[in-house]
Every structure is written in C-alpha cells, then in structure tokens.
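**Q** Give the three-dimensional model of this entry:
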Amino acid sequence: LPEIPWSEDDHSQVWKLIAELSQKGNYKVLFGKKDQHENTSGETKASVYKRIGAVVLPEFHEIDPTATRDRVKGKLESLTKTYKKHAAKLRMTGEGLRESQDSDNGDPTNEFCQFYIGVNGPDATSTEEAKNLWEEIKNDFPFFADLHQI
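**A** The predicted model follows:
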C-alpha cells in the first residue's frame, strides 16, 4: 500500500479513526466492555480493524483489506502510546507524585495524583494548573481530549 495520508486535511483520517473507535461495537472489542453485564460480541480485533479500515480508508481497503487493517492497528497503537505519554503528565504535576502517608499496608510506594481531570476535561473545580496543563497537552497533541473520553 502507498503511504496513508493521516495528516492531510487537518488530520481528517485520524479524526475519522477516533470516531470509529468510539462506536459501541468497535469499542467493546478493542477496549473491553463498559458494563460487566454486557455480552461480548464474539468478534476479533482483527475483524474490527478491518471494518474500521473500510470506513476510514475505503480506497486503501479496496486495494488490500489486510494491509489496511494492519495500518489502522498501527495508527491506533501510535495514538495510544502518545496519549499515554501525555496522560502521564497529568499524574506528575505540581509537586509530582507524592508518597501516600495513609496507605493501608504502610508501603510508602503507593502514589496518588495531585488532581483528577475527568473524561470531559477540566471543569469548574479544576485548578488553574490543571487547566493550563490540559491546554498545553491539547496544543501539542490535538487528539488528546477525544482519546481521553475513550
């Protein structure tokens, strides 16, 4: 397959990929059930990647569905890695991770966050530091907020 133009048209292909990942059926197979009482679908991740490839990259899917599936999987892995790198910044802010003084077993290696940012991003209770960091991350990685909701 030729190079996939992930960054063309203001990253339109990446935004389509994120939208497809958020679809309930795709999400359940790729990331797990949100509700423990929900039935599994019986689909494989490979089949979901192939289906997403057909929607997001139809012209590539027509040429080689399997290679397109692999490219979709690779892009998701790359996005996930970058997301995790930025998400870690949210846990290392201010004074950084501090040792918990009230851990149940006296183990001082338990760590906790200075603040929490929910799936919808900072809210009225978020500190200025949290809001500024969130904006910095979004400026550096524009897909962060959408991936944070997944």
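**Q** can you pull out the strands in the chain?
**A** 98-99, 111-112 (DSSP state E).
**Q** Just give me the lowest mean pLDDT stretch among those strands.
**A** Ranked by mean pLDDT, the strands of the chain end with strand 98-99 at the bottom, a mean of 40.
**Q** helices and strands of the protein: which one bottoms out on pLDDT?
**A** Least confident helix or strand of the chain, by mean pLDDT, DSSP states H and E, is strand 98-99 with a mean of 40.
**Q** Any idea how far the lengthiest helix in the chain is from the middle of the chain?
**A** Determined from DSSP state H, the single longest helix within the chain is helix 65-91. On the basis of CA atoms, centre = their mean, to the nearest Å, helix 65-91 sits 7 Å off its chain's mean C-alpha point.
**Q** How many residues are close by K24?
**A** 10 (other CB atoms under 10 Å). C-beta coordinates here come from the backbone N, C-alpha and C atoms, glycine included.
**Q** again, but for L57
**A** Neighbourhood size, L57 [other CB under 10 Å]: 24.
**Q** wait, what's in contact with the residue lying closest to it once chain neighbours are set aside?
**A** The shortest distance from L57 to any non-neighbouring residue, by CB to CB, 6 or more residues apart in numbering, is to T68 (5.4 Å). In this structure, T68 makes contact with 1, 50, 53-54, 57, 60-61, judged by CB atoms under 8 Å, 6 or more residues apart in numbering.
**Q** P122 contacts A130, correct?
**A** Yes: at 5.4 Å, P122 counts as touching A130 under the criterion of CB atoms under 8 Å.
**Q** So between those two, which is more surrounded?
**A** A direct count of neighbours by other CB under 10 Å for P122 and A130 places A130 higher, at 21 against 18.
**Q** I'd say the more buried one and D123 touch.
**A** No: in terms of CB under 8 Å, A130 does not count as a neighbour of D123; the distance is 9.5 Å.
**Q** Need the overlap of contacts for the two.
**A** Between them, A130 and D123 share no contacting residue, judged by CB under 8 Å, 6+ apart.
**Q** What lies in contact with stretch 43-57?
**A** 4, 13, 16-17, 20-21, 25-26, 29-30, 60-61, 65-66, 68-73, 76.
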